[in-house]
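> Generate a structure from the sequence data that follows.
(2 chains)
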Protein chains: 2
Amino acid sequence: MEADESPTGGPLVERLALIGIGLIGSSVARAARARGAAGTVVCADNSAAARDAALSLGIVDNAFKNPAEAVAGADLVIICTPLGVYGAIAAAIAPALKQGAIVSDVGSVKQAALRDIGPHLPKGSHFVPGHPVSGTERSGPEAGFATLFEGRWCILTPPPDCAAGAVETVSAFWRRLGSRIEVMDARHHDLVLGITSHIPHLIAYNIVGTAADLETVTKGEVIKYSAGGFRDFTRIAASDPVMWRDVFLNNREAVLEVLGRFIEDLTALKRSIRWGEGEALLALFERTRDIRRGIIEAGQEVDEADFGRRHN
Amino acid sequence: MEADESPTGGPLVERLALIGIGLIGSSVARAARARGAAGTVVCADNSAAARDAALSLGIVDNAFKNPAEAVAGADLVIICTPLGVYGAIAAAIAPALKQGAIVSDVGSVKQAALRDIGPHLPKGSHFVPGHPVSGTERSGPEAGFATLFEGRWCILTPPPDCAAGAVETVSAFWRRLGSRIEVMDARHHDLVLGITSHIPHLIAYNIVGTAADLETVTKGEVIKYSAGGFRDFTRIAASDPVMWRDVFLNNREAVLEVLGRFIEDLTALKRSIRWGEGEALLALFERTRDIRRGIIEAGQEVDEADFGRRHN
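Residues are numbered from 1 along each chain as shown, chains lettered A, B, ... in the order given. So this is what the prediction gives:
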């Protein structure tokens, strides 16, 4: 472990500004506090309730309505809002950024971050888009927790002309919060996350909608017998609606590509069921076990006991 | 709590025979032991490894290869095999059933149980199809645990001419194991479970297959970044392949009906993404939160801390 990754090292940045203090922003604040990653942590949030919660939880030193006030003097600014307001946020903070400031984000679509934030930022600032691949279905500053990023991947997608020092500072920051770092091209990120995150969420939302619309099965029955598998989808489908709307509007190309394949495959599966092709079904069902095994071996499965202790 | 539901009451049946000693069969054996629901517990299983495991785990008093030997003298026989062998099992045990024996099962498709088991059983025996709505993605006798059925629903779908006393005995048995009982028509059961269990499994298997077939994203990447939502699907998609093949082959009508609607809804959603219809997306994503809330309020969410303690 290098010195700057040690959980007991000194602050990696003097002043951290978080724009948006929901589940992810508040978890960054908590983790930065717990690991001493920043000297001072301030936030901006449009919601007075969120600002009050952040202050009374003691996870930030100051909370502003105006993002420009929050970023004044900050060494590292992390935008933790839904993607749809990235452009407006970037335009608002640009004039207030101090020389040499690093701007990052936590959004799920990196081409959109580059497109909407990058052009607004002044010369002398550095933009390092980031995406911590972790989260829960809960929302708001109360839902965050300091260990959310532990053992999870944080993907950085710096543009080709990004200063190496800025990428290293952001990497060190996330490593301090317990994450592992991967650097990749924004376009590839959006495709990978399309299949591992965006499509799963879309499908989960969709099946809950389909279930709710059935005339022959009541909502009460769906709830009552959800332990047969449906329940796991509703957890994902309880995720923040605005955040996810913005993901789908901003990762259209990759989502449509993967979704098209998913529907094709599902249609073939439907045909196998109609024609009673047991061997085709069995072949698919056996194949999918390998990937599950890989996830467990890669340590990317939640320790449910930990999860429960954190949340109950 | 009635006398016969008390976890500390005497045995509800003298001799219990479990045909198939996998996840569910072995959990029934464990729970019956733990709650003193049966005087003697025996099992039959085609697999010598499963029989050996059941014996060395001490969860059965005897284990047979031949199901006819296992049911000799049994008051209650519960078939815990995949649906595809129901007919053969029923034909094999029928001549060996004692007068007045009750036969039940735990399968996920109740019309198939009525169709494949019912006709084989002799006069003087009673058939009470059952379905405990619980399970995990693990398989085999080692995967079972005594608390699997606690707080979960067990659905019984007795045919119209079924003796009330037999339904009451099976109900009392499952209540003793911690379950809540619901009696419904087999056809309705298959439709309800089609949406709450069968379609979720099918979709989970399908997305894991779609992911594995992408040329532009490696299997390693899918595994690495699975924490974004995909992981939850792989858990379901690790369920027993043979069991699930048989579910889809035997609940064709309901599965095709619900799957057709799911694909229609998903195609509309795809169109909304293509055309950037943010309001339609947001409306769906907000609507699905209610159902999640209902599941938590109905106590049908897993206590993850418990889950972890049981399994780790």
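
> mind listing the helices for chain A?
All helices of chain A, identified by DSSP state H, fall at A:23-34, A:48-57, A:67-71, A:86-93, A:110-116, A:164-176, A:186-193, A:199-213, A:219-224, A:230-236, A:241-250, A:252-274, A:278-297, A:304-311.

> Just put these in CSV and tack on mean pLDDT and distance to A:Val77.
Yep, even glycine has a C-beta here, placed from its N, CA and C like the rest. Compiled in CSV, the helices of chain A are given as follows (pLDDT from 0 to 100; distance: least, CB to CB, whole Å):
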stretch, mean pLDDT, distance to A:Val77
helix A:23-34, 97, 12
helix A:48-57, 98, 16
helix A:67-71, 98, 5
helix A:86-93, 98, 7
helix A:110-116, 98, 13
helix A:164-176, 98, 11
helix A:186-193, 96, 19
helix A:199-213, 94, 27
helix A:219-224, 91, 43
helix A:230-236, 88, 30
helix A:241-250, 96, 19
helix A:252-274, 97, 27
helix A:278-297, 88, 33
helix A:304-311, 33, 28
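
> Tabulate those in JSON lines, adding columns for distance to B:Thr147.
Below are the helices of chain A laid out as JSON lines (distance: least, CB to CB, whole Å):
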{"stretch": "helix A:23-34", "distance to B:Thr147": "31"}
{"stretch": "helix A:48-57", "distance to B:Thr147": "36"}
{"stretch": "helix A:67-71", "distance to B:Thr147": "49"}
{"stretch": "helix A:86-93", "distance to B:Thr147": "47"}
{"stretch": "helix A:110-116", "distance to B:Thr147": "44"}
{"stretch": "helix A:164-176", "distance to B:Thr147": "39"}
{"stretch": "helix A:186-193", "distance to B:Thr147": "37"}
{"stretch": "helix A:199-213", "distance to B:Thr147": "27"}
{"stretch": "helix A:219-224", "distance to B:Thr147": "20"}
{"stretch": "helix A:230-236", "distance to B:Thr147": "17"}
{"stretch": "helix A:241-250", "distance to B:Thr147": "35"}
{"stretch": "helix A:252-274", "distance to B:Thr147": "33"}
{"stretch": "helix A:278-297", "distance to B:Thr147": "23"}
{"stretch": "helix A:304-311", "distance to B:Thr147": "15"}
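
> Can stretch A:164-179 be said to contact chain B?
No: Stretch A:164-179 lies out of reach of chain B by CB under 8 Å from any CB of the partner chain, never closer than 11.0 Å.

> which residues sit against that stretch?
A:4-7, A:9, A:12-13, A:28, A:31-32, A:35, A:37, A:76, A:102, A:104, A:126, A:128, A:130, A:132, A:147, A:149-154, A:156, A:158, A:181, A:183 (CB atoms under 8 Å, 6 or more residues apart in numbering or on different chains).

> If you count neighbours, what's buried in stretch A:156-172?
A:156-158, A:162, A:166-167, A:169-172 (16 or more other CB atoms under 10 Å in any protein chain shown).

> do stretch A:250-265 as well
Buried-residue list, stretch A:250-265, by 16+ other CB under 10 Å: A:250-252, A:254-259, A:261-263, A:265.

> about what we covered before: farthest pair within the buried residues of stretch A:156-172?
A:Thr157 and A:Ala172 (17.1 Å; CB to CB).

> Could you tell me how far stretch A:127-146 lies from the centre of the chain?
Offset of stretch A:127-146 from its chain centre (CA atoms, centre = their mean, to the nearest Å): 5 Å.

> If you count neighbours, what's buried in that stretch?
Quick answer for stretch A:127-146 (16+ other CB under 10 Å): A:127-141, A:143-146.

> and if you look at stretch A:42-52?
A:42-45, A:50-51.

> Same question for stretch A:271-284.
A:272-273, A:277-278, A:280-282, A:284.

> Contacts only, for the closest residue in space to A:Pro122 that isn't next to it in sequence.
The shortest distance from A:Pro122 to any residue other than its chain neighbours is 5.6 Å, reached at A:Ala94 (CB to CB, 6 or more residues apart in numbering or on different chains). By CB under 8 Å, 6+ apart, the residues touching A:Ala94 are A:120-122, A:125.

> State the distance from A:Ala94 to A:Ser226.
47 Å (CB to CB, to the nearest Å).

> cool, A:Pro95 as well?
Distance from A:Pro95 to A:Ser226, by CB to CB: 50 Å.

> Likewise for A:Glu168?
For A:Glu168, the distance to A:Ser226 - CB to CB - is 46 Å.

> and if you look at A:Ile21?
32 Å.

> Then A:Asp52?
Counting by CB to CB - A:Asp52 and A:Ser226 are separated by 35 Å.

> ok, whichever residue of the stretch 1-150 of chain A sits closest to chain B - contacts?
Using CB to the nearest CB, the single residue of the stretch 1-150 of chain A nearest to chain B is A:Val133, 5.1 Å away. Applying CB under 8 Å, 6+ apart to A:Val133 gives the contacts A:152-155, A:193, A:196-197, B:225, B:227-228.

> and what of A:Ala48?
A:Lys65.

> Could you tell me how far it is located from A:Gly165?
From A:Ala48 to A:Gly165 the distance is 37 Å (CB to CB).

> What of A:Leu55?
33 Å.

> where does A:Asp303 land on pLDDT?
Predicted confidence (pLDDT) for A:Asp303: 42.

> With neighbour numbers in mind, choose between A:Ile21 and A:Ser226.
Using other CB atoms under 10 Å in any protein chain shown, the more surrounded residue of A:Ile21 and A:Ser226 is A:Ile21, with 32 against 27.

> Looks like the more buried one contacts A:Val28 (just checking).
No: counting by CB atoms under 8 Å, A:Ile21 does not reach A:Val28; the two are 9.0 Å apart.

> Give me the common contacts of those two.
Joint contacts of A:Ile21 and A:Val28 (CB under 8 Å, 6+ apart) are A:Cys80.

> what does the stretch 1-150 of chain A have sitting close to chain B?
Near chain B, when you scan the stretch 1-150 of chain A using CB under 8 Å from any CB, you find A:84, A:108, A:133-135, A:137.

> hmm, 10 Å instead?
A:84, A:108, A:131-135, A:137, A:139 (CB under 10 Å from any CB of the partner chain).

> Next step: these restricted to strands.
A:131-132 (DSSP state E).
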